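Engineer: Show me the folded form of this:
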Amino acid sequence: MTHRIGKTLSTLGLGVVLATGAVSGPLVGMAQAAGASDTEHERAARWQEIAKSIFGDRQIAQTDSLVKIDAPVRALDAALVPITLTMPKDGQIKAVSLIIDDNPAPYAAKFEFGPAADPAELKLRVRVNNYTDMHAVVETQDGKLYEAKQFVKASGGCSAPMGMSDEEAMKGMGDMRLKFAETAPGKPVEATLMVRHPNFSGMQMNQVTREYTPARYIDKLTVSAGDRTVFTMTGDISIASNPVINFAFKPDGKPIQVAASDNQGGRWQHSFNPPSPTN
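Structural biologist: Coordinates of the predicted model:
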């Protein structure tokens with residue numbers, strides 16, 4: 001994913017993430033300014049460039065049934081924008097990618113579903129740096145790609161400070177909680193995964209040192225039910241700090257394993273006992 005995102009950045013002229021993880025000041029301003037007054041034609045042309053960078057020459061068809069994006073038209077907090085991806089066709093979805101077109105790193109996340117997944121609904125929180133189209137691209141089991149789109153008004157989410165020192169933001173990094181909703185026997189279980197991690201974007205300025213905090217973000221997250229994968233997420237800087245992901249899985253009574261890693265070599269693993277079905 002990093003290679004593809006880097007290619008997208010250079011293609012679109014939105015800035016380049018340096019080796020330190022920080023984005024240079026003038027490029028940050030350019031990324032924030034681009035997009036707010038763009039025409040539909042300009043947005044469509046940008047999406048074609050991004051899609052080619054990520055998916056190559058594969059055809060992407062529009063859909064209103066295989067995936068839907070639910071996001072606020074105007075975000076209350078650009079650093080914590082709630083997104084719901086609905087994929088009602090059980091058994092047809094292999095993976096879903098979320099692309100935030102005008103973010104400095106547009107390819108926000110990819111979720112690849114395993115045999116223990118129920119991908120009907122997926123919720124997460126993202127950063128949005130500018131007025132932008134969002135695209136959800138699903139890959140079906142037969143290898144075809146389909147897309148849905150929504151426009152979101154927000155600004156500055158990738159560079160917004162966390163309101164605390166870097167040291168405070170990193171306390172307890174890797175801690176996890178997993179909450180389960182009540183479920184009936186034989187039904188998928190809804191779960192909420194919370195991971196303690198600042199997900200520094202590389203664009204946030206330390207309010208004390210006035211220097212950019214190097215990027216440090218969760219780049220891989222795998223959830224398994226016993227020896228069956230629920231999903232594997234590949235992420236980037238557009239995922240909000242302290243990620244929260246709502247998902248559903250098909251239980252078999254075995255513990256839920258969660259393994260996470262970040263781009264600086266951090267690794268964490270936790271195990272959770274699934275709930276007992278209620279009658």
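
Engineer: where in the protein is pLDDT low?
Structural biologist: Per-residue confidence for the chain (pLDDT under 70) gives these ranges: 1-36, 277-279.

Engineer: center of it - which residue?
Structural biologist: A109 (3.8 Å; Cα atoms, centre = their mean).

Engineer: Work out the gap between the longest helix anywhere in the chain and the centre of the chain.
Structural biologist: Secondary structure of the chain per DSSP state H: the longest helix is helix 40-55. Its chain's C-alpha centre and that of helix 40-55 lie 19 Å apart, by Cα atoms, centre = their mean, to the nearest Å.

Engineer: Just the buried residues of it, please?
Structural biologist: For helix 40-55, the neighbour count (16 or more other Cβ atoms under 10 Å) marks R43, R46, W47, I50, A51, S53, I54, F55 as buried. C-betas here are computed from N, CA, C, even on glycine.

Engineer: Could you tell me the end-to-end distance of stretch 51-71?
Structural biologist: One end of stretch 51-71 sits 21 Å from the other (Cα to Cα, to the nearest Å).

Engineer: Run through the helices of the stretch 1-150 of the chain in chain order.
Structural biologist: Counting by DSSP state H, counting those that start in this stretch, one finds helices in the stretch 1-150 of the chain at the ranges 2-12, 25-33, 40-55.

Engineer: How about the contacts made by E112?
Structural biologist: Contacts for E112 (Cβ atoms under 8 Å, 6 or more residues apart in numbering) come out as K94, A95, F231, T232, M233, T234.

Engineer: Go again with 7 Å.
Structural biologist: A95, F231, T232 (Cβ atoms under 7 Å, 6 or more residues apart in numbering).

Engineer: Would you convert those into TSV that also reports distance to S65?
Structural biologist: As requested, the contacts of E112 are exported to TSV (distance: Cβ to Cβ, whole Å):
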residue	distance to S65
A95	17
F231	21
T232	25
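
Engineer: which of those residues lies closest to A215?
Structural biologist: Closest approach to A215 among the contacts of E112 (Cβ to Cβ): T232, at 21.0 Å.

Engineer: Quick check: beta-bridge partners of the closest one?
Structural biologist: E112, T222 (DSSP bridges).

Engineer: so Q92 sits right up against Q141, yeah?
Structural biologist: Yes. In this structure Q92 lies within contact range of Q141 using Cβ atoms under 7 Å: 6.0 Å.

Engineer: What about the residue nearest to V128 when sequence neighbours are not counted, how many residues nearby?
Structural biologist: Once flanking residues are discounted, V128 sits nearest to A154: 3.7 Å by Cβ to Cβ, 6 or more residues apart in numbering. Using other Cβ atoms under 10 Å, A154 has 25 neighbouring residues.

Engineer: For A154, give me its contacts.
Structural biologist: Going by Cβ under 7 Å, 6+ apart, A154 touches A75, A78, V81, V128.
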